[in-house]
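Undergrad: Here is a sequence together with a model predicted from it:
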Amino acid sequence: GEGGEQYNIMHTDKNWRYRLDPQSVLHFFSGSPFFSRTSNNNILAMQGLPLDRLRTMTGIEYRLSPSVPVPPCAPDQPEPPLFVIEKVNRRSPTECEVLAVYYVSHRRIFQAPSLHAIINGRLRNALHFLSEATRRYASHKTFNVDTGHALDFMQPLSLSLATHDVLEPAAVKFSQANVREIVMGDGGGGNGGGTSGGGSGG
């Protein structure tokens, strides 16, 4: 699929036989379901033109994040463990709006959760817990003509809400788990829900 939030997808291409570096990683990324065929990157590729022309165009493009530079790496050294790719809407040679961010880690590609998605998940949790606390509080409230309103604590209130995280979107958890994996430097297998590409990067 092209566009939209795809936090629950992890893509890899087991047939890719080339070294990943700042020059080849965008080609590797173009084989993923995150890549839009209407992007300027694809238009230039179909015309056999270099990507350095992206700055002269307007519209959707993919680029290595300028805020997360890839350290120099000699050909006889291991590949860089992380590339950060941005999907941007370019308005001019100097003005871009970042629409999405993707991580390429150990030849696996996944979308980073947006700040909106994380905050939305947290707010949903908070509202759920507040509603649940109110419901349980009401279930312990009693009324007597002589004493008025009171709380019946004969049964425990059991508000073990802080131990639950029931409403955070599973896809956001998936991306957060991948981010933690990068930070910890684990290059093992990804979390479930991934896809494997079949094409070879030429």
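TA: Received the coordinates, thanks.
Undergrad: so Tyr102 touches Leu26, yeah?
TA: No: distance between Tyr102 and Leu26: 10.7 Å, which falls outside the contact criterion (C-beta atoms under 8 Å). Yep, even glycine has a C-beta here, placed from its N, CA and C like the rest.
Undergrad: what's the overlap in contacts for these two?
TA: Overlap between the neighbourhoods of Tyr102 and Leu26 consists of Ile85, taking contacts as C-beta atoms under 8 Å, 6 or more residues apart in numbering.
Undergrad: Compute the distance between the closest residue to Arg107 other than its chain neighbours and Asp76, please.
TA: With C-beta to C-beta, 6 or more residues apart in numbering as the criterion, Arg107 has its nearest non-adjacent residue at 5.6 Å, and that residue is Thr12. Between Thr12 and Asp76 the distance is 24 Å, computed by C-beta to C-beta, to the nearest Å.
Undergrad: Settle it for me: which of those two has more neighbours?
TA: Thr12 (21 against 5; other C-beta atoms under 10 Å).
Undergrad: Asn144: neighbour count?
TA: That count, for Asn144 with other C-beta under 10 Å as the rule, works out to 8.
Undergrad: no no, Ser92
TA: The burial metric for Ser92, expressed as a neighbour count using other C-beta under 10 Å, is 9.
Undergrad: For it, name its beta-bridge partners.
TA: Here Ser92 sits in beta bridges with Glu95, going by DSSP bridges.
Undergrad: hang on, the earlier thing: so the residue nearest to Arg107, which of the three states?
TA: When the structure is split into helix, strand and coil by DSSP: H, G, I helix; E, B strand; the rest coil, Thr12 lands in strand.
Undergrad: Could you check how far it is from Val98?
TA: Separation of Thr12 from Val98 (C-beta to C-beta): 24 Å.
Undergrad: now swap in Met46 and tell me
TA: Computed with C-beta to C-beta, the distance linking Met46 and Val98 is 25 Å.
Undergrad: Check Arg63 too.
TA: In this structure, Arg63 and Val98 are separated by 10 Å, where distance is defined by C-beta to C-beta.
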